[in-house]
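Engineer: Can you look at this prediction? I've put the sequence above it.
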Amino acid sequence: MCSIHFLLASSTCFLPLLLPETSAWPYGDDPTFGFLPLPLNSSNFDIQKPYDLPVNERYSFVDCVHRLWVYNSDKPLSPASPTAPRTEIRIRGYDYTSGVWQFEAYGYVPNGTTGVCIMQVFGGGNGHATTLMLRVYNGALTYYRSIVLVAHDIYDRWFRLNVIHDVDERKVTVYIDGELKLETADHGGNSHYFKCGVYAQADDSYYMESQWKDIRVLKKCD
Ligand SMILES: *[C@@H]1O[C@H](CO)[C@@H](O)[C@H](O)[C@H]1NC(C)=O
Ligand SMILES: *[C@@H]1O[C@H](CO)[C@@H](O)[C@H](O)[C@H]1NC(C)=O
């Protein structure tokens, strides 16, 4: 059984209202506080991969770690698709149109993987396909290719990622290792979902890989 983090976020929306005055706030600045984790099982993890290959040639799930890889010479996810090669987990069952949603996971990108999108909030308006792309370029983690969230040292280590999408306020917030790294407007649109993995972008490496564990989808308590 893969462990599930219930350390800081409880499985209900109960908030402790009466804390003794002397006690410290026990939740720190945990971005998941006030959010409810939603049930996830394998049926919520749809693996998109080059259409001509079996899943196990581009994806594995061992010791609770999802490993996804792709080559820049691979085929797209369907014969008709004009998009670049990808192997991605597309979260199913939690497409959303309103409210405040959160994706949490621990990610790992091996040195050498570059020119790649590793996480997306899919869906946007006005010609945008996405509301958020987190990409890796030469050891940096970036918002699209415009804003650097982690300047170097994203390679070869596990990092904690929290992405919050407030659809009603049209706001996207990104935390890395619990630190606020980005607050920006979303791209509109009326239906969204989360994805993570590897999706080739310009200046991609021949081989691209990312790993993910403890993936959670959460929704803000009303
Ligand atoms: C996953 O959960 C859904 C309901 O949330 C259930 O219908 C389905 O049978 C479960 N699938 C697996 C593989 O456990
Ligand atoms: C990545 O690998 C290259 C080539 O082996 C090396 O020069 C570089 O220092 C490595 N970077 C990190 C962050 O380990």
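Structural biologist: Thanks, I have it. Ligands and ions are numbered 1, 2, ... in the order given.
Engineer: where in this protein is pLDDT low?
Structural biologist: Confidence mapping of the chain against pLDDT under 70 gives the ranges 1-28.
Engineer: Assign Thr113 to helix, strand or coil.
Structural biologist: Classification of Thr113 into helix, strand or coil gives coil, according to DSSP: H, G, I helix; E, B strand; the rest coil.
Engineer: residues near it, how many?
Structural biologist: Close neighbours of Thr113, defined as other CB atoms under 10 Å, add up to 24. All C-beta atoms are positioned from the backbone trio N, CA, C, and that covers glycine.
Engineer: likewise Arg90?
Structural biologist: For Arg90, the number of neighbouring residues by other CB under 10 Å comes to 19.
Engineer: How about the one 3 residues further on?
Structural biologist: A total of 14 residues lie near Gly93 under the criterion other CB under 10 Å.
Engineer: That one - that's part of a strand, no?
Structural biologist: No: with the criterion set as three-state DSSP, the secondary structure at Gly93 is coil rather than a strand.
Engineer: ok and the residue in the chain nearest ligand 1?
Structural biologist: Here the chain gets closest to ligand 1 at one residue, Asn41, 3.8 Å apart by CB to the nearest ligand atom.
Engineer: Would you mind measuring from Leu68 to Ser81?
Structural biologist: 17 Å (CB to CB, to the nearest Å).
Engineer: The two - which one has more neighbours?
Structural biologist: A side-by-side neighbour count of Leu68 and Ser81, using other CB under 10 Å, places Leu68 first with 25 against 12.
Engineer: So the more buried one belongs to a strand, correct?
Structural biologist: Yes: with three-state DSSP as the criterion, Leu68 is located in a strand.
Engineer: Number the residues from 17 up from this point.
Structural biologist: Taking 17 as the first residue, the last one we looked at is Leu84.
Engineer: Surely it is in contact with Tyr215?
Structural biologist: No: using CB atoms under 8 Å, Leu84 is not in contact with Tyr215; the gap is 9.6 Å.
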